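**Q** got a sequence here, can you model it:
(2 chains)
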2 protein chains.
Amino acid sequence: MSVTRKPDARKKNRSGRIKIQDVARLAQVSLSTVSGVLNEKDNIRPETRQRVLDVIAQLGYTPNMFASNLARRRTKLIGIIVSDLLNPFFAEIARALDIEARKHGYETFLASTNFNMEQQGEAVRQMLSLRVAGIAMMTSENDPEAFFQLKASGTPAVYLDNNHSAPTIGTVRVDKRHGMYVAVKHLLELGHRRILLIKNSQRDSNAPPMFSHMERQIGFEEALHQYNAADMDVHIIDEPGEPAAAGLSAVERALKHYRFTAVVAINDLVALGAFRALQAAGRTIPNDVSVVGFDDTYLCRFLHPPLTTVATPRNELAHSVLDMLFRYVDGEEHVNEPTLSANIVLRESTAPPAKE
Amino acid sequence: MSVTRKPDARKKNRSGRIKIQDVARLAQVSLSTVSGVLNEKDNIRPETRQRVLDVIAQLGYTPNMFASNLARRRTKLIGIIVSDLLNPFFAEIARALDIEARKHGYETFLASTNFNMEQQGEAVRQMLSLRVAGIAMMTSENDPEAFFQLKASGTPAVYLDNNHSAPTIGTVRVDKRHGMYVAVKHLLELGHRRILLIKNSQRDSNAPPMFSHMERQIGFEEALHQYNAADMDVHIIDEPGEPAAAGLSAVERALKHYRFTAVVAINDLVALGAFRALQAAGRTIPNDVSVVGFDDTYLCRFLHPPLTTVATPRNELAHSVLDMLFRYVDGEEHVNEPTLSANIVLRESTAPPAKE
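**A** Numbering: from 1, shown residues only, chains lettered A, B, ... in the order given. Presented below is the predicted three-dimensional model:
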């Protein structure tokens, strides 16, 4: 119970701005009662509510949104964390989430980790301190500490392909393994036996490999294993650095050392770099070399020839992520974690291999 | 002056969490004194400071970052607002600003407007309510209302190519007009006379044309005017929609109606779409048609052939924007507004026109 003396409430504080404290003093109620009135809580007696509203009108007080967020504990804000702004896969997810969140009356803010776990932790702490309603953790890397901080805070969060969960933290999975399996099967059925897989699983040499890239490699190997052709000749290059540059230098190197009729790129940007290296070396796509990408970003349609790739359903993903987040926000726990399918999109960058 | 009665401070409040109010009561000081101690203000007497610190230690109080931001009025956060996450121009600016801000101990959050003035206003209001230290308004469209809100809030902001300023709101200009002038002059000197300019100045039919696109058109026309060749044949298509798709459909249409030996694309993504349309129609770049882009995003190096474009100095831009913002944050007003130059980067997509 706070003890107050009736002040001259019309006397403004030094900054000249009327504060919630002034309202509380003149109405002879606690700060939390004023805040309860402002936030339309229903545990306040009607005569008290009226007294507070009268004082608010008398002083011309306009609530400070920031303080009002403090009272409510949550903003109408979803934090989105992605790994790489320059990969259109992440930009497209962020855009889809933003469009979907606005339908629910929420805005979104975006932070990027550059695949750095420390930055992921900082983004989480910053978003928690801003009292976001929930966090969409759309990253390839996952910092265990950031997960524990989220869990401790009780703030709802939804991950992309994570293996940990908590009462208000869940995961939307995309079956990338199957997506890659189908893409490689497509190449095998076209007759390709000399296949180059280009990974880009580490941005720097200290980072652990990314789960979503490991999943894709498993799908790749499942297809090879199941097809079980006698004359397979497979090479895998894991090239660090920016993805398009990695695709370019991996193919430049491969052209010197291996013979291959098909390239499987771990994502569309790696495929972009592979295209450039093949075309600069005078190879025609798909006549000399077929190329398959992954993600079905907008780039695929504008490459020449348009890129055959594996589509992750971006809009369905955004919808599922926000559906989970809002159910947590509404008080549900342990909600069902969906798995979305990933399927091949055939365009013009794949064809049967040339006769040797 | 607040009047308090000594309470039993060890009695926690209902939520069980020790609050700053508990510290203030037990130390017999005002909330603002506690907050002053927490924020290391130097206007607090040493014995008062010590008493507050003793109580904090006694209660095991950990300050709520959100409340602490409230006390300080500013977070260590820069808000970045861009027009389009999917255009690497904006993604590269956002990334450069983030890297630069981290050097100063700040984090960044990003919001995208999708070229929508209403969304720009919402992003500004949201960022102001979160008490960001400053806003980097890296948008092509500028909502006058959002500008007035920024001005009224006193929150520092730096625009990209804006014509309005205020004591703590400034602009970094990039001389896009000159950049475009140089690019068109390059084509004219190569001998091109049949030139197609593809603009993408409106995302939807209700939006006003974008200032940065108008600047580029002026540079385009200045070069034509100065060169003053008798046999000029220039066509301008202003195609709405997503930029790569706009470039593609503009070229498809132009191929039916006009003869041209060079395409000037208003940005690199429009050039990407133009490449695809030209190559799908069997035209070779640059032998049949030269193409010039604008922005020098990472895509240019990976197109086939690599794209000649106009470079806006991304890192210098990020540096200038944050330098201005932090000078405003430190209390300076009306700081000098720099203009950065934009220059052509010659790659392989331009050559003399084929003999007719």
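
**Q** from now on I want contacts and neighbour counts done on CA atoms only, so please keep to that.
**A** Will do.

**Q** nearest to chain B: which residue in chain A?
**A** Residue nearest to chain B within chain A (C-alpha to the nearest C-alpha): A:L110, separated by 4.8 Å.

**Q** for that residue, give me phi and psi.
**A** Backbone geometry at A:L110, expressed as degrees, to the nearest 10, gives phi -120, psi 140.

**Q** okay but it is in contact with A:S83, surely?
**A** No - contact status for A:L110 versus A:S83: not in contact, 10.6 Å apart, counting by C-alpha atoms under 8 Å.

**Q** returning to that earlier point: how many other residues sit next to the residue of chain A closest to chain B?
**A** 25 (other C-alpha atoms under 10 Å in any protein chain shown).

**Q** for A:A244, same thing?
**A** Residues lying near A:A244 (other C-alpha under 10 Å) number 25.

**Q** part of a helix, is it?
**A** Yes - under DSSP: H, G, I helix; E, B strand; the rest coil, A:A244 falls within a helix.

**Q** contacting residues for it?
**A** For A:A244, the contact set (C-alpha atoms under 8 Å, 6 or more residues apart in numbering or on different chains) comprises A:269-274, B:302.

**Q** now neighbour count and secondary structure too, for the residues you listed, in TSV please.
**A** Putting the contacts of A:A244 into TSV (neighbours: other C-alpha atoms under 10 Å in any protein chain shown; DSSP: H, G, I helix; E, B strand; the rest coil) gives the following:
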residue	neighbour count	secondary structure
A:L269	29	helix
A:V270	28	helix
A:A271	31	helix
A:L272	28	helix
A:G273	27	helix
A:A274	29	helix
B:F302	19	helix
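
**Q** and these, which is closest to A:P209?
**A** Nearest to A:P209, judged by C-alpha to C-alpha, of the contacts of A:A244 is A:V270 at 16.4 Å.

**Q** let me see the ranges of the helices in the stretch 201-350 of chain A.
**A** Along the stretch 201-350 of chain A, counting by DSSP state H, counting those that start in this stretch, helices occupy A:211-227, A:243-257, A:268-280, A:299-302, A:314-329.

**Q** all strands for the stretch 101-250 of chain A, in order.
**A** Assigned by DSSP state E, counting those that start in this stretch, the strands in the stretch 101-250 of chain A fall at A:107-112, A:134-138, A:157-160, A:169-175, A:194-199, A:233-238.

**Q** before we move on, back to that, and the helices of the stretch 201-350 of chain A as JSON lines, adding mean pLDDT?
**A** Listed next are these as JSON lines, based on pLDDT from 0 to 100:
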{"stretch": "helix A:211-227", "mean pLDDT": "91"}
{"stretch": "helix A:243-257", "mean pLDDT": "97"}
{"stretch": "helix A:268-280", "mean pLDDT": "98"}
{"stretch": "helix A:299-302", "mean pLDDT": "97"}
{"stretch": "helix A:314-329", "mean pLDDT": "95"}
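
**Q** right, so those helices: which one is the most enclosed?
**A** Sort those by mean neighbour count, taking mean count of other C-alpha atoms under 10 Å in any protein chain shown, and helix A:268-280 sits at the top with a mean of 25.

**Q** between helix A:243-257 and it, find me the angle.
**A** Angular relation of helix A:268-280 and helix A:243-257 on a 0 to 180 degree scale: 40 degrees, by axes from the mean of the first three to the mean of the last three C-alpha atoms, to 10 degrees.

**Q** now helix A:268-280, how far from the chain's geometric center?
**A** Distance, stretch centre to chain centre, for helix A:268-280: 25 Å (C-alpha atoms, centre = their mean, to the nearest Å).

**Q** all helices for the stretch 1-150 of chain A, in order.
**A** A:20-27, A:31-38, A:46-59, A:65-72, A:88-103, A:117-129, A:144-153.

**Q** show me the shaky parts of the stretch 1-150 of chain A.
**A** In the predicted model, the stretch 1-150 of chain A carries pLDDT under 70 at residues A:1-18, A:39-40, A:42, A:57, A:60-74.

**Q** near chain B at all, stretch A:297-305?
**A** Yes - judged by C-alpha under 8 Å from any C-alpha of the partner chain, stretch A:297-305 and chain B are in contact via A:302-305.

**Q** what of stretch A:31-40?
**A** No - taking C-alpha under 8 Å from any C-alpha as the criterion, stretch A:31-40 and chain B are apart, separated by no less than 10.8 Å.

**Q** returning to what we had before: tell me which of the helices of the stretch 1-150 of chain A sits nearest to B:L130.
**A** Per C-alpha to C-alpha, nearest to B:L130 of those: helix A:65-72, 6.2 Å.

**Q** is it true that A:L269 touches A:L248?
**A** No - in this structure, A:L269 is not within contact of A:L248 by C-alpha under 8 Å, at 9.8 Å.

**Q** okay, the contacts of A:A244 in a markdown table with distance to A:F220 next?
**A** Output for the contacts of A:A244, formatted as a markdown table (distance: C-alpha to C-alpha, whole Å):
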| residue | distance to A:F220 |
| --- | --- |
| A:L269 | 18 |
| A:V270 | 16 |
| A:A271 | 16 |
| A:L272 | 20 |
| A:G273 | 20 |
| A:A274 | 18 |
| B:F302 | 26 |
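
**Q** can you pull the phi/psi pair for A:Y298?
**A** phi -60, psi -30.

**Q** give the contact list for the residue lying closest to it once chain neighbours are set aside.
**A** Leaving aside its sequence neighbours, A:Y298 sits nearest to A:P88 (C-alpha to C-alpha, 6 or more residues apart in numbering or on different chains; 7.5 Å). Neighbour list for A:P88: A:297-298, B:86 [criterion: C-alpha under 8 Å, 6+ apart].

**Q** which of the residues you listed sits closest to A:V132?
**A** Minimum distance to A:V132 across the contacts of A:P88 is 24.2 Å, recorded for B:L86 (C-alpha to C-alpha).

**Q** burial count for A:H304?
**A** By the criterion of other C-alpha under 10 Å, A:H304 has 21 neighbours.

**Q** surely it touches B:Q279?
**A** Yes - if you go by C-alpha under 8 Å, A:H304 and B:Q279 touch, sitting 7.0 Å apart.

**Q** which neighbours do the two share?
**A** Residues touching both A:H304 and B:Q279 (C-alpha under 8 Å, 6+ apart): none.

**Q** count the neighbours of the nearest residue to A:N163 once chain neighbours are set aside for me.
**A** In this structure, A:N163 finds its nearest non-sequential neighbour in A:T171, 7.6 Å apart by C-alpha to C-alpha, 6+ apart. Around A:T171 there are 26 other residues, counting by other C-alpha under 10 Å.

**Q** and for A:M127?
**A** Neighbour count of A:M127, defined by other C-alpha under 10 Å: 24.

**Q** residues in contact with it?
**A** Applying C-alpha under 8 Å, 6+ apart to A:M127 gives the contacts A:79, A:135.

**Q** ok, now with 7 Å
**A** By C-alpha atoms under 7 Å, 6 or more residues apart in numbering or on different chains, the residues touching A:M127 are A:G79.

**Q** and it, how far is that from B:E107?
**A** For A:M127, the distance to B:E107 equals 11 Å [C-alpha to C-alpha, to the nearest Å].

**Q** quick check: residues of the stretch 101-250 of chain A near chain B?
**A** Residues of the stretch 101-250 of chain A that fall close to chain B, judged by C-alpha under 7 Å from any C-alpha of the partner chain: A:108-111, A:129-130.

**Q** try 8 Å this time
**A** Taking C-alpha under 8 Å from any C-alpha as the measure of proximity, the stretch 101-250 of chain A contacts chain B at A:107-111, A:123, A:129-131, A:244.

**Q** which one (most neighbours) among those?
**A** Neighbour-wise, these (other C-alpha under 10 Å) top out at A:A111, 29 neighbours.

**Q** shouldn't A:A133 be in contact with A:T155?
**A** Yes - using C-alpha under 8 Å, A:A133 is in contact with A:T155, at 6.9 Å.

**Q** any idea how far A:L128 lies from B:E333?
**A** Applying C-alpha to C-alpha to A:L128 and B:E333 gives a distance of 32 Å.

**Q** right, and A:S290 touches A:R347 too?
**A** No - counting by C-alpha under 8 Å, A:S290 does not reach A:R347; the two are 11.0 Å apart.
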